[in-house]
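A.B. asks: No letters, just coordinates:
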């Protein structure tokens with residue numbers, strides 16, 4: 001599908017001359033003789049770039065620009081004028097013009113300017129699509145991701161949430177296990193009841209039993225009064241035990257009893273307390289190995305692992321990186337009072353290429369840092385921390401000596417597509433060309449891209 005240009009000028013010769021030029025360049029061109037006619041076209045048809053004269057009857061180019069900025073954000077407007085002054089140029093740019101060109105324009109410069117405007121338009125659309133996807137996912141389940149692995153997790157969460165079944169969430173540190181637990185509780189019939197969380201690794205062994213089951217006054221030194229435990233607090237709701245692999249054998253036995261009988265006694269107490277608690281646990285350890293080495297009870301493992309949800313590391317689900325990055329960008333931009341719309345292509349490429357050993361937690365910290373460092377409306381490569389920033393330099397493509405220009409272009413496109421897993425939108429951003437141009441090149445060179453549909457890519 002061709003990109004669409006709208007040429008607006010009250011001088012017929014200029015209007016038709018520019019239309020002919022850009023038609024020969026492969027664009028679909030509409031024309032209008034004044035701002036009012038152009039406004040109607042923009043409001044009713046799909047337009048990718050507007051080229052408009054500054055001074056016209058009925059509605060000036062500046063008035064048309066103000067309408068576009070207000071009602072069609074992201075649509076680039078290039079102003080042409082025979083009355084060019086620095087003041088007018090500054091005013092047009094201040095009000096949101098993509099660029100300002102004096103008549104008669106240098107045609108090569110104008111063609112390049114339109115090409116750059118289309119790239120900007122495509123980048124704006126991509127960032128807006130990401131924002132929309134983020135909001136949809138947040139509203140649906142609090143988990144963000146569109147990779148096949150995350151889609152399987154969504155399905156598991158939806159199936160298990162309405163039940164009483166215990167869930168064991170596994171995966172490396174920082175992959176977002178707690179968010180999965182949040183989603184299970186929030187989609188369950190217990191959503192209006194307490195959701196209590198305990199990070200087992202953060203508590204000393206001597207305190208963990210008291211924290212989970214409570215204690216009576218005088219049960220141990222420092223127990224000045226009775227204390228309710230987390231199981232009591234979670235009665236009727238859900239209890240999330242993070243890093244369950246860190247607990248000792250004594251606590252494991254008491255948890256096993258709660259799962260089997262739904263009852264326990266406080267530390268130092270004799271009264272049996274009955275509770276109705278849905279238990280969700282998480283660990284980054286290999287619990288089967290812990291069982292073999294005698295550190296974890298096998299019977300407890302099977303009680304906890306009624307349903308297992310494994311969250312893969314971020315490096316194995318790179319499709320989720322742009323969505324997560326945009327979600328964090330929105331969060332931290334609002335927190336810091338900054339107007340940041342998205343990421344420029346080099347920054348997006350670097351985020352996609354980096355291995356993220358700290359997973360989602362590291363990505364979140366990276367975006368927070370980038371938002372603090374950013375001074376423009378887009379996050380740039382220079383705004384990123386050293387790790388992700390250096391990843392853009394680590395990738396290289398080998399082109400044989402004496403290769404033709406066409407062969408070099410074919411290799412670059414094919415290798416870039418391979419790097420991003422066949423995702424044409426990401427490849428177009430990295431290559432700094434429009435998606436339509438990329439599709440034409442793929443067809444021209446007969447490049448194999450796999451069977452992924454556009455929906456799968458996005």
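C.D. replies: Everything's here; your move. Model, not experiment: these values are computed from the prediction. Numbers count the residues shown, from 1 in each chain.
A.B. asks: Mind picking out the helix or strand in the protein with the poorest mean pLDDT?
C.D. replies: Every helix and strand of the chain was ranked by mean pLDDT, DSSP states H and E. The lowest is helix 454-457, at a mean of 40.
A.B. asks: List the buried residues of stretch 313-328.
C.D. replies: 313-314, 317-328 (16 or more other Cβ atoms under 10 Å). C-betas here are computed from N, CA, C, even on glycine.
A.B. asks: Now do that stretch: distance to the chain's middle.
C.D. replies: 6 Å (Cα atoms, centre = their mean, to the nearest Å).
A.B. asks: what's the straight distance from one end of that stretch to the other?
C.D. replies: 18 Å (Cα to Cα, to the nearest Å).
A.B. asks: Provide the contact partners of that stretch at residue level.
C.D. replies: Residues from elsewhere that reach stretch 313-328 (Cβ atoms under 8 Å, 6 or more residues apart in numbering): 127, 130-131, 133-134, 137-138, 144-147, 149-150, 171-172, 175, 342-343, 348, 351-352, 355-356, 359-360, 363-364, 367-368, 420-421, 423, 426.
A.B. asks: can you rerun that using 6 Å?
C.D. replies: Contact with stretch 313-328 is made by 130-131, 133-134, 144-147, 149, 172, 175, 351-352, 355-356, 359-360, 363-364, 367, as judged by Cβ atoms under 6 Å, 6 or more residues apart in numbering.
A.B. asks: List buried members of those residues by neighbour count.
C.D. replies: Among the contacts of stretch 313-328, those buried by neighbour count (16+ other Cβ under 10 Å) are 130-131, 133-134, 144-147, 149, 172, 175, 351-352, 356, 359-360, 363-364, 367.
A.B. asks: can you tell me which of those residues are in helices?
C.D. replies: 130, 131, 133, 134, 149, 351, 352, 359, 360, 363, 364, 367 (DSSP state H).
A.B. asks: just these: which has the poorest pLDDT?
C.D. replies: On pLDDT alone, residue 134 ranks lowest of these, at 63.
A.B. asks: Which helix or which strand is home to residue 15?
C.D. replies: Assigned by DSSP states H and E, residue 15 falls within helix 12-24.
A.B. asks: Now do the buried residues in that helix.
C.D. replies: In helix 12-24, counting by 16+ other Cβ under 10 Å, buried: 14, 15, 18, 19, 21, 22.
A.B. asks: and the fifth one, what pLDDT?
C.D. replies: At residue 21 the predicted local confidence, pLDDT, stands at 90.
A.B. asks: Nearest spatial neighbour of it, chain-adjacent residues omitted?
C.D. replies: Counting by Cβ to Cβ, 6 or more residues apart in numbering, residue 21 lies nearest to residue 107, which is 6.2 Å off, once chain neighbours are set aside.
A.B. asks: Residue 90 and residue 103: what is the separation?
C.D. replies: 18 Å (Cβ to Cβ, to the nearest Å).
A.B. asks: the more surrounded of the two?
C.D. replies: Just comparing residue 90 and residue 103: by other Cβ atoms under 10 Å the higher neighbour count belongs to residue 103, 14 against 11.
A.B. asks: ranges for the helices of the stretch 1-150 of the chain?
C.D. replies: Assigned by DSSP state H, counting those that start in this stretch, the helices in the stretch 1-150 of the chain fall at 12-24, 35-44, 61-71, 86-94, 107-141, 148-160.
A.B. asks: Turn those helices into CSV, including distance to residue 191.
C.D. replies: Converted to CSV, the helices of the stretch 1-150 of the chain look like this (distance: least, Cβ to Cβ, whole Å):
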stretch, distance to residue 191
helix 12-24, 56
helix 35-44, 43
helix 61-71, 40
helix 86-94, 49
helix 107-141, 12
helix 148-160, 13
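A.B. asks: of those, which approaches residue 294 most closely?
C.D. replies: Closest approach to residue 294 among those is made by helix 148-160 (30.0 Å; Cβ to Cβ).
A.B. asks: And that closest one, what's buried?
C.D. replies: For helix 148-160, burial by neighbour count (16+ other Cβ under 10 Å) applies to 149, 150, 153, 154, 156, 157, 160.
A.B. asks: Among the residues you listed, which one lies nearest to residue 7?
C.D. replies: residue 150 (44.7 Å).
A.B. asks: Check the gap between the closest one and residue 257 for me.
C.D. replies: According to Cβ to Cβ, residue 150 and residue 257 sit 35 Å apart.
A.B. asks: got it, and residue 76?
C.D. replies: 67 Å.
A.B. asks: Residue 28 now?
C.D. replies: Remark: distance between residue 28 and residue 257 (Cβ to Cβ) = 72 Å.
A.B. asks: elements contacting the helix holding residue 15?
C.D. replies: Contacts defined by 3 or more Cβ pairs under 6 Å, 6 or more residues apart in numbering; DSSP states H and E place helix 12-24 against strand 4-8, strand 28-32.
A.B. asks: And for the first one, what's in contact with it?
C.D. replies: Read it as strand 4-8. With contact meaning Cβ under 6 Å, 6+ apart, strand 4-8 is reached by 15, 18-19, 22, 27-32, 38, 41, 46-52.
A.B. asks: Neighbours of the closest residue to residue 39 other than its chain neighbours, how many?
C.D. replies: Nearest residue to residue 39, sequence neighbours excluded (Cβ to Cβ, 6+ apart): residue 67, at 5.7 Å. Counted with other Cβ under 10 Å, the neighbours of residue 67 add up to 16.
A.B. asks: Now do residue 64: how many residues are near it, please.
C.D. replies: By other Cβ under 10 Å, neighbour count at residue 64 equals 26.
A.B. asks: What of residue 54?
C.D. replies: The number of residues packed near residue 54 is 25, by other Cβ under 10 Å.
A.B. asks: Give me the nearest residue to it, chain neighbours excluded.
C.D. replies: Spatially, and ignoring its direct neighbours in sequence, residue 54 is nearest to residue 81 (3.3 Å; Cβ to Cβ, 6+ apart).
A.B. asks: May I have the beta-bridge partners of that neighbour?
C.D. replies: Listed beta-bridge partners, residue 81: residue 102 (assigned using DSSP bridges).
A.B. asks: what about it, distance to residue 117?
C.D. replies: Remark: distance between residue 81 and residue 117 (Cβ to Cβ) = 17 Å.
A.B. asks: helix or strand for residue 295, which one?
C.D. replies: Under the criterion DSSP H and E, no helix or strand holds residue 295.
A.B. asks: what does the one 5 residues further on give?
C.D. replies: Counting by DSSP H and E, the element that carries residue 300 is helix 298-304.
A.B. asks: Okay, buried residues for that helix please.
C.D. replies: Residues of helix 298-304 classed as buried: 300, 301, 303, 304 (neighbour count, 16+ other Cβ under 10 Å).
A.B. asks: for the ones in helices among the buried ones among the contacts of stretch 313-328, which one is nearest residue 205?
C.D. replies: Distances from residue 205 to these, taken as Cβ to Cβ, are shortest for residue 359 (27.4 Å).
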